[in-house]
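Undergrad: Quick one, what's the 3D model for this:
(one chain, ligands or ions: 1)
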Amino acid sequence: MFSSRLPDDLSENLLTRRARELRADGGELLDLTISNPTRTGFTYPEEEMRVAFARVADLAYDPQPRGLVVTREAIAGYYAEGAEGAEGGPLDPGSIHCTASSSEAYSMLFKLLCDPGDEICIPLPAYPLFAWLAGLDAITIRPYNLRLAPDGRWRIDMHSLDLAISDRTRAVIVVNPSNPAANYLRPDEFLQLDSLCARNRIALITDEVFWDFPLMDHSVAESGLASAADSTERGNLISRQRTVGIPGDALRFTINGLSKLLALPQMKLGWMLTEGPARLRDEALARLDVIADAYLSVSTPVMAAAPVLLALRAPIQEQIRIRCLRNLEAARMHFGSGRSGISLLQPEGGWSALLRLPDDADEEAIALRLLEDERVLVHPGYLFDFARGKFLALSLLGPADRFLRALEAIDRAWK
Ligand SMILES: Cc1ncc(COP(=O)(O)O)c(C=O)c1O
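TA: Okay, the predicted model is just below:
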């Protein structure tokens, strides 16, 4: 009776079930899987936000497939802020489509680019979202690998990407910085991706939802909208390549939204930006209009509030960065040396970090033991499909005292 877009087995995995049962029994968990920033004690400029929503002056509806002009101008302004000296000039708000979320932007792009059964290349390890979204649009995912380089950073394995592309491939997804691998795209990787996608006549989709959360303190060499060639990599200094506003040969889409950028997933405002060779870009924009027009899913109040909301992002982002950096430092104190057999991989950006376990470790058994014995909930690496190696993923969002208690529990359980 039901579509095969959804799996037959909808049951929870053992870890999720046990966590739910323990919570139902009144047990308190130290949750290192937490991804909802509104439940982790950050303060938001609530009064200013309420005022922002009062900007809906009247109830006249102005349906626009790309979203309100004021909203798109504010989004273009967000990109312009990091763009002094850019070669591409200011972004055209006309190249932006507002969406209800990043996830919806993906779904619209799948509808734009794919017929049922067509393929999209996704990085592995990856947040499990892509497999679900692809399944719901009846498309197939083809994984390519991120490879852990000797410096402890993840790079795109271009060879595995080459092998993953078939004549049914319609796009390559890249997450910048990646989740959970937590590495920014490098300028040379961008150049290779752009030419690979152009050569194969497929699109490049970049997910920048964690872009504004570098975890390298101030040691980040921006390669904002400026030339890829300007970026350098020296010692501890990382160069991160933003794909917006740079000339290139491929059709490119960039996804972002308030869910992470403002740490307010419930606002339900995301967007995607379309760039690339003019003819292709304009055709894509016109077709996206048709898709967006069929749903018109973004609410007017949040679009009207967006210019003010975006301007309020700095204090929110700062709290999250400080929290994540502090928790990361605690994790480094515990596992930075790798003495215990567990080692911390230095993340470059995002809200999480990876602990590497010995290759023969049983991730699920360890996660279950942590839950049963220590009431600590972590994500075992297999949820993200690492090609090689064993990992635990830790959310860095939680309050520092709880994070520290969880680290001590992991230490104890491991010993
Ligand atoms: C890399 C990445 N992209 C997109 C999303 C989904 O974001 P949204 O809430 O805007 O749909 C997530 C969710 O965690 C994510 O990790």
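Undergrad: So for the closest residue to Ala80 other than its chain neighbours, what's the pLDDT?
TA: Closest residue in space to Ala80, ignoring its immediate chain neighbours: Pro90 at 5.6 Å, by CB to CB, 6 or more residues apart in numbering. C-beta coordinates here come from the backbone N, C-alpha and C atoms, glycine included. According to the prediction, Pro90 has pLDDT 79.
Undergrad: count of residues packed around the residue in the stretch 151-300 of the chain positioned nearest to the ligand?
TA: Distances between the stretch 151-300 of the chain and the ligand by CB to the nearest ligand atom are smallest at Ser259, namely 3.3 Å. Number of residues near Ser259 (other CB atoms under 10 Å) recorded here: 21.
Undergrad: now Pro187
TA: Neighbour number of Pro187 under other CB under 10 Å is 23.
Undergrad: looking at it, it is touching Ile246, isn't it?
TA: No. With contact defined as CB atoms under 8 Å, Pro187 does not count as touching Ile246 (9.4 Å).
Undergrad: is it true that Leu344 touches Ser337?
TA: No. If you go by CB under 8 Å, Leu344 and Ser337 don't touch, sitting 9.0 Å apart.
Undergrad: the more surrounded of these two?
TA: Leu344 (20 against 11).
Undergrad: Is it correct that the more buried one falls within a strand?
TA: Yes. Per DSSP: H, G, I helix; E, B strand; the rest coil, Leu344 lies within a strand segment.
Undergrad: Excluding chain neighbours, what is closest to it?
TA: Phe335 (4.3 Å).
Undergrad: In contact with that neighbour, which residues?
TA: Contacts of Phe335 were listed using CB atoms under 8 Å, 6 or more residues apart in numbering, and they are Ile342, Ser343, Leu344, Leu355, Leu407.
Undergrad: at 7 Å what do you get?
TA: By CB atoms under 7 Å, 6 or more residues apart in numbering, the residues touching Phe335 are Ile342, Ser343, Leu344, Leu355.
Undergrad: What residues are bridge-paired with the spatially closest residue to the last one that is not a sequence neighbour?
TA: On the basis of CB to CB, 6+ apart, the spatially nearest residue to Leu355 that is not a chain neighbour turns out to be Leu392, at 4.6 Å. Judged by DSSP bridges, the bridge partners of Leu392 are Leu355, Pro380.
Undergrad: what about Leu392, how many residues close to it?
TA: 23.
Undergrad: Can you tell me the SS state at the closest residue to Gly350 other than its chain neighbours?
TA: Leaving out its chain neighbours, the residue that sits closest to Gly350 by CB to CB, 6+ apart is Phe210, at 4.1 Å. Here Phe210 is coil, with the state taken from three-state DSSP.
Undergrad: if I read this right, Phe210 contacts Ser178, doesn't it?
TA: No. Assessed by CB atoms under 7 Å, Phe210 is found out of contact with Ser178, at 8.5 Å.
Undergrad: which residue ranges form the strands in the stretch 151-300 of the chain?
TA: For the stretch 151-300 of the chain, the strands defined by DSSP state E, counting those that start in this stretch occupy 154-156, 169-175, 203-207, 220-223, 238-241, 252-257, 270-275.
Undergrad: Identify the residues contacting Leu251.
TA: Ala203, Gly276, Leu280, Arg281, Ala284.
Undergrad: How about the single longest helix found in the chain and the ligand, any contact?
TA: Under DSSP state H, the helix in the chain containing the largest number of residues is helix 313-335. No. Judged by CB under 6 Å from any ligand atom, helix 313-335 stays clear of the ligand, getting no closer than 13.7 Å.
Undergrad: isn't Ala409 right up against Asp373?
TA: No. Using CB under 7 Å, Ala409 makes no contact with Asp373, being 8.2 Å away.
Undergrad: Neighbour count: those two, which is higher?
TA: Ala409 (18 against 11).
Undergrad: any idea how far the ligand is from the residue nearest to that one when sequence neighbours are not counted?
TA: Residue nearest to Ala409 in three dimensions, not counting chain neighbours: Glu374, with 3.7 Å by CB to CB, 6+ apart. For Glu374, the distance to the ligand equals 25 Å [CB to the nearest ligand atom, to the nearest Å].
Undergrad: do the same with Ala54
TA: 25 Å.
Undergrad: again, but for Ser352
TA: 9 Å.
Undergrad: Contacts only, for that residue.
TA: Asn179, Pro180, Ala182, Ala393, Leu394, Ser395, Leu396.
Undergrad: and with 10 Å instead?
TA: 32-35, 127, 179-182, 210, 215, 324, 327-328, 379, 393-397 (CB atoms under 10 Å, 6 or more residues apart in numbering).
Undergrad: With Pro128 instead?
TA: His379, Leu383, Phe384, Asp385.
Undergrad: what about 7 Å?
TA: Contacts for Pro128 (CB under 7 Å, 6+ apart) come out as Leu383, Phe384.
Undergrad: per-residue confidence for it?
TA: 91.
Undergrad: next one: Ser227
TA: The model's pLDDT for Ser227 equals 35.
Undergrad: Asp217 too?
TA: pLDDT for Asp217: 58.
Undergrad: With His97 instead?
TA: pLDDT, read off for His97, is 98.
Undergrad: Ok, Ser239 next?
TA: 81.
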